[in-house]
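Colleague: whatever this is, show me its structure:
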Amino acid sequence: MGDNITTITEFLLLGFPLGPRIQTLLFMLFSLFYVLTLLGNGVILGLLSLDPRLHSPMYFFLSHLAIVDIAYACNTVPQMLVNLLNPAKPISFAGCMTQTFLFLTFAATECLLLVVMSCDRYVAICHPLQYSVIMSRRVCITLALTSWILGVFLALVHLVLLLPLPFCAPHKVNHFFCEIIAVLKLACVDTHINEAIVLAGAVSVLVGPFSSIVLSYIHILRAILKIQSGQGRQKAFSTCSSHLCVVGLFYGTAIIMYVGPQYGNPKEQKKYLLLFHSLFNPMLNPLIYSLRNSEVKNSLKKVLGVERAL
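Modeller: Down below sits the predicted model:
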């Protein structure tokens, strides 16, 4: 095995084992999804910055979520599109490590941002009179920065453990991007410690935050059921429904991915789940917030001049 250890300069991403015609079709389809992701999240960011009515803590955190979604897509999709057109084109070692680090950073940051957003909804519905005091601008900035800093730190731990590993030829990553487990499979040494750290990190950013979100919404549901007015209950539900849909999509795919299906080829199935997680989720999030949130829809109508036309 020692003879196969070489100085790594590049990796080859295997992507999806499909015929050339299907790969061309996927290239066009994924390119469309990529443009929609950038456009949708860009519109959300534009609306939140232009409309003073959306300058509230909830939309402040939504702007950070939109930034994460854009970053998610920009980190993995361009390289995937390149490989669909030219499967033999490699990615450099530095590019691969950077991609791994950024993916882990954005994944952990999004987990934490979704927790922060659930806490914001908890304060808004359960303690409305104290909302402006508790969720001050300083607190919001601190919570957002903490989410980003912790995301970077957790990803850095994995990167520090990954970089010193020796890798064996052939340097073929069985994935459409440099996913950390797929890269670890190429190491020439025992990687049980690395895999244990990855699992521990996944549990810490999935189970803990998800439990916090569930707990927040249990209290929110109790508070909503105590509201006497039907209109008041409907308004309270509407402020939470978009966030719940995003949480369901993000954690649903993430938990299924780590628990893993018990049939067929789990590695291939998890690859497609990660595709959904890194491409479709960022595209769907702005649609969910624009279609299910009346304030965002009204702001969009105002910017487009629909209200004046009517």
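
Colleague: tell me which other helices or strands the longest strand along the chain touches.
Modeller: Ranked by residue count and defined by DSSP state E, the top strand of the chain is strand 10-13. Applying 3 or more Cβ pairs under 8 Å, 6 or more residues apart in numbering; DSSP states H and E, one finds that strand 10-13 makes contact with helix 57-85, strand 91-92, helix 93-126, strand 172-173. All C-beta spots, glycine's among them, are computed from the backbone N, C-alpha and C.

Colleague: residue 136 is nearest to which of the ones you listed?
Modeller: Nearest to residue 136, of all the helices and strands packed on strand 10-13, is helix 57-85, at 8.5 Å by Cβ to Cβ.

Colleague: got the buried residues for stretch 209-216?
Modeller: Neighbour-count burial for stretch 209-216, counted by 16 or more other Cβ atoms under 10 Å, picks out 209, 210, 212, 213, 216.

Colleague: can you check stretch 172-182 too?
Modeller: Neighbour-count burial for stretch 172-182 [16+ other Cβ under 10 Å]: 173, 174, 175, 176, 177, 178, 179, 180, 181, 182.

Colleague: now the last one: how far from residue 13?
Modeller: Using Cβ to Cβ, to the nearest Å, we find residue 182 at a distance of 9 Å from residue 13.

Colleague: angle of the host helix or strand of residue 203 against helix 93-126?
Modeller: Assigned by DSSP states H and E, residue 203 belongs to helix 192-225. Between helix 192-225 and helix 93-126, the angle comes out at 20 degrees (axes from the mean of the first three to the mean of the last three Cα atoms, to 10 degrees).

Colleague: for the closest residue to residue 283 other than its chain neighbours, which three-state class applies?
Modeller: Spatial nearest neighbour of residue 283, excluding adjacent residues (Cβ to Cβ, 6 or more residues apart in numbering): residue 37 at 4.3 Å. Using DSSP: H, G, I helix; E, B strand; the rest coil, the structure places residue 37 in helix.
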